[in-house]
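1. Return atomic coordinates for the entry below.
(2 chains)
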Amino acid sequence: MIVELGHFALVLAFVLSLILSVVPVWGALKEDEKMMSVASPVTVSMFFLVLISFAALTVAYLNSDFSVENVWQNSHSAKPLIYKITGVWGNHEGSLLLWVLILVFFGALVAIFGGNLPAPLRSATLGVQGWVSAGFLLFLLATSNPFNRIPNPPIEGNDLNPILQDIGLAIHPPLLYVGYVGFSITFSFAVAALLLGRIDAAWARWVRPWTLLAWAFLTLGISMGSYWAYYELGWGGWWFWDPVENASFMPWLAGTALLHSAIVMEKREALKIWTVLLAIFTFSLSLLGTFLVRSGVLTSVHAFATDPARGTFILVLLCIFIGGSLSLYAWRAPLLKQGGLFAPISREGSLVLNNLFLTAACAAVLVGTLYPLALEALTGEKISVGAPFFNLTFGPLMIPLLMAVPFGPVLAWKRGDLLAATQRLYAAFGVAILLVLFTFWLWGMERVLAPLGVGLSVWVMVGAIVEIVTRVKLFEVGLVRGFSRLKGLPGSAWGTAIAHFGIGVTALGIVTATAFQDEKVLTMAPGDTVSVSGYEITFDGIAPRQGPNYREDVGHFVIRQDGIVIAELDPSKRLYTARQMPTTEAGIHTIGFSQIYLSLGEPRDGASIDVRVYFKPLITLIWIGSLIMAVGAVFSIADRRLRVGAPKPAARRQAIPDATPAE
Amino acid sequence: MMLWILIAAMTAAASLSILLPLARARKTAGTTSAADQAVYRQQLEEIDRDLERGLIDEAAAEAARTEIARRLLAAHERRDGEASSLGSMFGVRFTQLLAILAIPAGALGLYLTLGSPDMPDRPLEERLAAPAENQTIDELVAKAERHLAENPEDGKGWEVLAPIYMRLGNVEAAANAYSNAIRLLGPTTTYLTDMGEALTVANEGIVTADARKAFEEAVKLEPKAVKPRFFIALALGQEGKKEAAIAAWESLLADADPKAFWVPAAQEELRKVGGTVSSAAETPKGPTREQVEAAGEMNAEDRQAMIQNMVQGLADRLSGEGGSVQDWQRLIRAYMVLGENAKAADALGKAREAFADNAESLGNINAMAAELGLAGQ
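-> Residues are numbered from 1 along each chain as shown, chains lettered A, B, ... in the order given. Now for the predicted structure:
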């Protein structure tokens, strides 16, 4: 009964989504209070219905109810409890149900907390959210129904893909989904503004926190996925420019641009039309990512749904949403009023610069991802666009962007003073130069670019600190008052500084781990010792071991520094017997922020085996940096003040040369 | 029933989430221009607060105030009489209609197409805990497997499970279950023989070394046991040891009750390895197809006995109380099928007697006799 109740709840939610798509939007266009009033209650009902549905499926998983086809295909009665729960979204149907649940959850948040929004904006936004929900609910019910039943249920299920039986992959999809789907809210706000033909003052207030929330989760999701690939795939790489990775990275780039343009819009009522377009782009890229991953266009570990019918369905949905919203934009955007003016050298100007670089970078990734697919579809020729392409296109765009990052926050709104800003950043520049020299001294002149990369990262990091220091005027008011001012600093100022610092940290990790890594690929016999970056690693031998649902060959290695044992590592090669699927478990030892990474290759004659040994300096900074970025976002969301960008008064600029820009 | 009540409740709640706000909505004074003005006023207050906290200085605050005041003025001028309406009755009626009709009809219609309302939940634990007579054989086996996974030392459990595996054709599991039973309950002829048989079936009829060892141990325990000796003889033949095989088959047949169901098969094997079947041992008729098939069954003898019982019962009734033409015909046919021609002829004679004064029935009987080849009698 629970299963069937969940099925009915899903159907009912679909029917409600159709009503939500029509009635409140109609009401908003007619300014009809009665019809608009329907939006919030219906949205909340839909959330509860989808929640019931998701709970019903979870119960079926927990009870190993193999009369549900989806449970039979993806679960096993002997599976540990945690993987019974995560198995709910470890498959196509369940993960789409999770997607829809998050979608209606965000809708319900707008319905509950949107009391201070003008009624037409709120109901039109919820109505557009209803369109998206209706599309995905129809997709679920028509092609991927998780509640299909088996009349004579088998006694045991097929088990979850062993590669997904990993705690990292268990929490990676929900994080990513909250990120992807979170952008649906800004999309709905944007389309609602286009439908109504105006951008309310409250519009600007709402878009930024929603973007931040989605962005924070997307950051965490991507970072988690990257770390998983690093320790599980055994190649020692943390980013492969794989199309599926790009699919999540593109919305992140567009979302980062949106985040910054939304600041301009909130504080200065400028860049309105551009922000609307970015909001549409960001969610469209999220949908594109879903299409790429779910349709089976890309063959990868993610493509557990390779079904042409589903692919076609998502493609049609994609065309309707992206094509529809862009057409609406072309038609209605001229109606929207442009906002405030600003000089090129100003906070706004720097944010526009940020947007230019980020969207260009996003376009580069988009081309690199879609071009091979388009080429294969048109000519049948298979090419692979790998790291070289992205390093040549994406990389150069990031360098000026990172150089500009510290300038933005220290420039004043409306009209800034580049010279004054530069003066404030002398300290950061000095520290960066010192570190460049230090790196040259440490590593020699062989790699010219790497020390400059280190300098750039440090420049961004110290720039973020300088921003906070200048804001509280630490050197002018003294430590005691400085600290009290530090406490009074608004959350959004902290958020900016922390997130920018995080970018610098991630960049530093990328530069050092790429340029200064020590890699040895060799065949080792028991007793052999290899040395990387001053660590001696001895191979003791390899032994078979039996796991609960796999067999593995475990190598045993001892790491010594100056003859003293500092760690022992047991990397292994596993074979999951049920599905005959091999996996690699790397051995990782963390020293400070750096890691020693061991991965087993093919066994050779006798007891020797191919081994990849890496020393990756400061590599953990890559993920630590992204955590710091997410923390910055949380600080900024927690700041619930109304934001006003106080412009720098034009006439009296000379009188107060060190006027700090307001938050 | 409970399902339908909950479905009805959910549908009602969904409809109410439309009908209630529709009925309650009041005309509000708030227009979008007013909402904008409220935001700008709050922003003005925020500037004062920022100034107090020292986040901006007086000059910047003044500039910001000027700018926001300008926006506020613009919003004020935009009071384009956009007072909200309670709208057309058409829209409201349409929405009410959707809530009352379209939601239940749409949701139920779609659900009845997609769902399976009469299918209950089937949690695994519940299926395994159900009374045995309501369970499928798979469920029973799974239950026993679970029990044995927790109590692997329960020999009786393995003993019960082994023949079930055998019957389900899961011969590897059957062999494993027998070997566990032997380990825990001690070797018996039956366990050893059945394990050997399972191993043999698993290898498509080839008696492997393991299987042969099991049969030999069984013979050690019970030298006259037929089944293990049968398989050992088979193994000798498969290994190409013709002399030994012939000797084994002959010794087996010498001890045998000539009516035993396996005798024809043993004779066949003996011929295959080049031996000759002594005429004394040979049964008068070759094995019928039924007999060969029955030989594969565990309770073949029982079944034969049962059939004979039924035929005897019919014969007794007819000779005592008499019966219809059809009854007599069935009895004659049964005797023919069982190969008891003399009894068939006997019954034919009695039937002719019984229907001597009924030309039509007599004709029927004679026609059948001709068909069965009893016409001359």
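2. Does the residue nearest to residue A:72 when sequence neighbours are not counted belong to a helix, a strand or coil?
-> Counting by C-beta to C-beta, 6 or more residues apart in numbering or on different chains, the nearest residue to residue A:72 once its immediate chain neighbours are dropped is residue A:66, at 4.2 Å. All C-beta spots, glycine's among them, are computed from the backbone N, C-alpha and C. Under DSSP: H, G, I helix; E, B strand; the rest coil, residue A:66 falls in the coil class.
3. so residue A:66 touches residue B:121, yeah?
-> No - the criterion here is C-beta atoms under 8 Å, and residue A:66 misses it with residue B:121 at 10.9 Å.
4. give me the low-pLDDT residue ranges for the stretch 251-400 of chain A?
-> A:294-308, A:338-340 (pLDDT under 70).
5. For the stretch 301-450 of chain A, which segments count as helices?
-> Under the criterion DSSP state H, counting those that start in this stretch, the stretch 301-450 of chain A contains helices at A:308-318, A:324-332, A:347-379, A:387-404, A:407-410, A:418-424, A:426-443, A:449-472.
6. Sorry, slip of the keys, the one I care about is the stretch 101-250 of chain B.
-> B:103-114, B:124-129, B:137-150, B:155-168, B:171-185, B:189-202, B:209-221, B:226-238, B:242-255.
7. tell me the domain ranges of chain B?
-> B:35-77, B:89-118, B:187-288, B:300-372 (automatic domain parsing).
8. Serialize those to JSON lines and add fields for distance to residue B:142 and mean neighbour count.
-> Shown next, in JSON lines, are the domains of chain B (distance: least, C-beta to C-beta, whole Å; neighbours: other C-beta atoms under 10 Å in any protein chain shown):
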{"stretch": "domain B:35-77", "distance to residue B:142": "63", "mean neighbour count": "17"}
{"stretch": "domain B:89-118", "distance to residue B:142": "23", "mean neighbour count": "16"}
{"stretch": "domain B:187-288", "distance to residue B:142": "20", "mean neighbour count": "18"}
{"stretch": "domain B:300-372", "distance to residue B:142": "30", "mean neighbour count": "15"}
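9. Report the closest residue of chain A relative to chain B.
-> The nearest approach of chain A to chain B comes at residue A:32, 3.0 Å away (C-beta to the nearest C-beta).
10. Near that residue, how many residues? Count them for me, please.
-> By the measure other C-beta atoms under 10 Å in any protein chain shown, the count of residues near residue A:32 is 25.
11. any idea how far residue A:237 is from the residue nearest to residue B:110 when sequence neighbours are not counted?
-> Of all residues not flanking residue B:110 in the chain, residue A:11 sits nearest, at 4.9 Å (C-beta to C-beta, 6+ apart). Distance, residue A:11 to residue A:237, by C-beta to C-beta, to the nearest Å: 45 Å.
12. Show me which of these two is the more surrounded one.
-> residue A:11 (27 against 16).
13. Contacts only, for that one.
-> Contact analysis of residue A:11 by C-beta atoms under 8 Å, 6 or more residues apart in numbering or on different chains lists A:141, B:107, B:110-111, B:114-115.
14. check which helix or strand covers it.
-> helix A:2-30 (DSSP states H and E).
15. List the residues that contact the residue nearest to residue A:72.
-> A:72, A:75, A:150, A:153-157, B:122, B:124.
16. Pipe the domains of chain B into TSV and attach mean pLDDT per row.
-> Below are these laid out as TSV (pLDDT from 0 to 100):
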stretch	mean pLDDT
domain B:35-77	79
domain B:89-118	89
domain B:187-288	79
domain B:300-372	76
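17. Let's have these in TSV, adding distance to residue A:175.
-> TSV is the format used below for the domains of chain B (distance: least, C-beta to C-beta, whole Å):
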stretch	distance to residue A:175
domain B:35-77	33
domain B:89-118	31
domain B:187-288	49
domain B:300-372	65
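18. Between the helices of the stretch 301-450 of chain A, which one is closest to residue A:620.
-> When the helices of the stretch 301-450 of chain A are compared by C-beta to C-beta, helix A:449-472 sits nearest residue A:620, at 14.6 Å.
19. got the angle for that closest one vs helix A:426-443?
-> 150 degrees (axes from the mean of the first three to the mean of the last three C-alpha atoms, to 10 degrees).
20. So which elements touch helix A:449-472?
-> helix A:387-404, helix A:407-410, helix A:426-443, helix A:474-488, helix A:491-515 (3 or more C-beta pairs under 8 Å, 6 or more residues apart in numbering or on different chains; DSSP states H and E).
21. The ones you listed: lowest mean pLDDT?
-> Mean pLDDT values for the helices and strands packed on helix A:449-472 show the minimum at helix A:474-488, a mean of 75.
22. Contacts made by it with the rest, please.
-> By C-beta under 8 Å, 6+ apart, the list of residues contacting helix A:474-488 reads A:468-469, A:471-473, B:53-55.
23. Apply 6 Å and report the result again.
-> Residues outside helix A:474-488 that contact it (C-beta atoms under 6 Å, 6 or more residues apart in numbering or on different chains): A:472, B:53.
24. ok, back up a step: which among the helices of the stretch 301-450 of chain A is found nearest to residue A:165?
-> Comparing these under C-beta to C-beta, the one sitting nearest is helix A:308-318, at 24.2 Å.
25. which helices and strands does that closest one pack with?
-> If you count contacts as 3 or more C-beta pairs under 6 Å, 6 or more residues apart in numbering or on different chains; DSSP states H and E, helix A:308-318 packs onto helix A:119-143, helix A:272-294.
26. give me that answer again for 10 Å
-> In terms of contacts (3 or more C-beta pairs under 10 Å, 6 or more residues apart in numbering or on different chains; DSSP states H and E), helix A:308-318 is packed against helix A:92-113, helix A:119-143, helix A:272-294.
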